[in-house]
Every structure is written in structure tokens, then in C-alpha cells.
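Visitor: dropping a prediction and its sequence here:
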Amino acid sequence: MLGGLVMNSNIEFKKGVLFALGAHLLWGILPIYWRLIGNISAFEILAYRIILSMIFMIIMIYILKQSTSFKRDLTHLFATPIQLIAIIVAGYVITLNWGTFIWAVSNGHVLQTSLGYYINPLVSILLAFIFLKERFNKFESLAIVFAAIGVLYMTIRVGEFPMISLMLAFSFGIYGLLKKLVRVDAMTGIAIECIVTAPAGLIYIIYLWQIHHTSVGINMASFWLLFSGAVTAVPLILFSAGARRIPLSLTGFIQYVSPTIIFLLGIFVFKEPFDIHQFITFIFIWIGIALYSISQYVKMKRNVRPE
């Protein structure tokens, strides 16, 4: 009996690792997908992505028989206005993140997107310190210092302030902060976020059609665009399934798979310029990440849940 439980636990753990790796692998290769539809403007892609994601999520809720859970969560949100406002704001914040990422990839800033997702965990602990009054430990403080040095070095030596990286990191960090306020199922959450932002996307698409400025038509880019809902939702579903089966600390380490893939794509596939000064910037960020990882390991050893 006990052996069976242990075996089931191990199987679930392995599934969790595979689901989480699958999610981050898909997120990592997303720049290739967005380049396939590069002939369409970034904001038009974003508008269609929101609407198609909403449709896909509603279909998935029905297929996975999550409609009862969805209705329950919806009732809960309307009963707690603070959480309802939080999820609406979260929807628009993650839309900003999506739009920034698509624009960056379409305009040759893949390495900056990689940098943004590398520093995201460090931004998250900074936001937790500011808004949740959480304390830094020694390693976290040093990690943020090294990340700040990296940003300053890039600004001064490369002559480019990493605005895209910081927008991606802070928007995703704020999104995570808002999600802490909302007690709903992961699938319900992303579906509602798409529903509340869909009107803005629809208005923008109608506006483009009225002024005859749309890039969508009978072409390959428009064909690939049809999959943007699935491309958005599938990694989120995999990530949610993985997060339920593995410790948060392991999820934290796996999250570096996607920015590493993006980093390699930027250099070797998209051939973006990468000089010694950019390399030094990344060295500072990687040192910060190593220190952050050590801090999470220390917390885990002390049986304190990692952030």
C-alpha cells in the first residue's frame, strides 16, 4: 500500500517536471513563432492574440469539464470587488507584457527579452519588499545589487537603457503580485483576464478595418496568427499542471530554461549583435541569478517556502 503511494507520488513528480519543462520550452521558442507573423504589426497581433486566447480558453474549460469551477470562481470574484478589480488590472498588465514581447521580437530585440525574463525573479522579490513588506536575506540583497549594476553597465557602456527588459520584468512581476490577491483556479484566471481585455482588442481590430489599415488577409502570416490563442494558452496550462505536482523551489529553477533558449536564439538564430559589453551585462545578471538561486536553496533547507 505504502509502496504504491510512493510510486504514484514519483510518477506525479516526473509528470510535473515534464509539464513545467514543456511550458518553458514552448515559451523559449516563442520568438520563432512571432517572427513567422512578423509581417503583421505587433499591436494587431496582440489584439488578435487576446481574442483568440479567450476563445481557446473557453473551449478548453468546456473540454476539460471546468465549467463548474469557472462559474464558482466567477461568483466568488463578483462577491469580492477587490479581487475582481485585481484580476481586471492583471489582465491589462499581462497584455502590456505580451505586447512588449511581441514588439521586441518583431523589431530585433530578442536579447533584451531574454535579459528581462532573467531578471524577473529579482524584480519580484523587490516588489514583494516594497508592497508586501517582505524582508530580503543577504543573498537576495546581493542579487538585486548585481542586477542593478548590470542594468547601469548596459546603460553607460553600451549606451542603451534596457527599457524593454525592465518593462517585461516589472510588468510580469506586478502581474504576479496582483495574482497573489486573487483566489481562483489558474485556468479560470487566464480566461477571465482574456475576457476583460478582449473588448479593447476587438475595438482596435474594428478601428483598423474601418481605416483599411489591417495587415490580416489571405496570406501565411495570417494563417500562423490563427494559432496564437493555442500558443498562449497551452504553455500556461502545462505550467499550471506542473506547478501543482512539483515544489515551488524546483519551479523557480526550471523558469530559467525559457530565457536561456531565447538568449541562444537571439545570438545563433536571429544573429543579433552581441559584444563584450553586452556579455559583461549578462555576467552581472547571471551572478545575481546564482545568488538568488542560493537564497532559495537556503530557504528550502530551512523549511521555509521559497518566494
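Guide: Received the coordinates, thanks. Bear in mind the structure is a predicted one, so any value in this text is a computation, not a measurement. Residues are numbered from 1 along each chain as shown.
Visitor: all helices of the chain, in order?
Guide: Assigned by DSSP state H, the chain shows helices spanning 2-28, 30-36, 42-63, 67-79, 81-106, 110-131, 138-153, 163-179, 186-210, 220-225, 228-243, 248-254, 257-264, 276-301.
Visitor: mean pLDDT per helix and strand in the protein: which one sits at the bottom?
Guide: Every helix and strand of the chain was ranked by mean pLDDT, DSSP states H and E. The lowest is helix 248-254, at a mean of 72.
Visitor: helices and strands around that one, which ones?
Guide: Packed against helix 248-254 by the contact rule (3 or more C-beta pairs under 8 Å, 6 or more residues apart in numbering; DSSP states H and E) you find helix 2-28, helix 228-243, helix 276-301. (Glycine included, C-beta is placed from N, CA and C.)
Visitor: just give me the neighbour total for the spatially closest residue to Ile82 that is not a sequence neighbour.
Guide: Using C-beta to C-beta, 6 or more residues apart in numbering and skipping residues adjacent in sequence, the residue nearest Ile82 is Leu181, 6.9 Å away. By other C-beta atoms under 10 Å, 14 other residues sit near Leu181.
Visitor: OK, contacts around Leu181?
Guide: 82-83, 86 (C-beta atoms under 8 Å, 6 or more residues apart in numbering).
Visitor: what residue ranges in the stretch 101-250 of the chain score low on pLDDT?
Guide: For the stretch 101-250 of the chain, residues meeting the criterion pLDDT under 70 lie at 248-249.
Visitor: dump the residue contacts of the residue lying closest to Ile88 once chain neighbours are set aside.
Guide: In space, and not counting its chain neighbours, Ile88 is closest to Val196: 4.9 Å by C-beta to C-beta, 6+ apart. Applying C-beta under 8 Å, 6+ apart to Val196 gives the contacts 87-88, 91-92.
Visitor: cool, His76 as well?
Guide: Counting by C-beta under 8 Å, 6+ apart, His76 has contacts 83, 183-184.
Visitor: now the contacts of Val196 as JSON lines including neighbour count, distance to Ser53 and pLDDT?
Guide: Output for the contacts of Val196, formatted as JSON lines (neighbours: other C-beta atoms under 10 Å; distance: C-beta to C-beta, whole Å; pLDDT from 0 to 100):
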{"residue": "Ile87", "neighbour count": "23", "distance to Ser53": "15", "pLDDT": "92"}
{"residue": "Ile88", "neighbour count": "17", "distance to Ser53": "16", "pLDDT": "94"}
{"residue": "Gly91", "neighbour count": "22", "distance to Ser53": "11", "pLDDT": "92"}
{"residue": "Tyr92", "neighbour count": "15", "distance to Ser53": "14", "pLDDT": "95"}
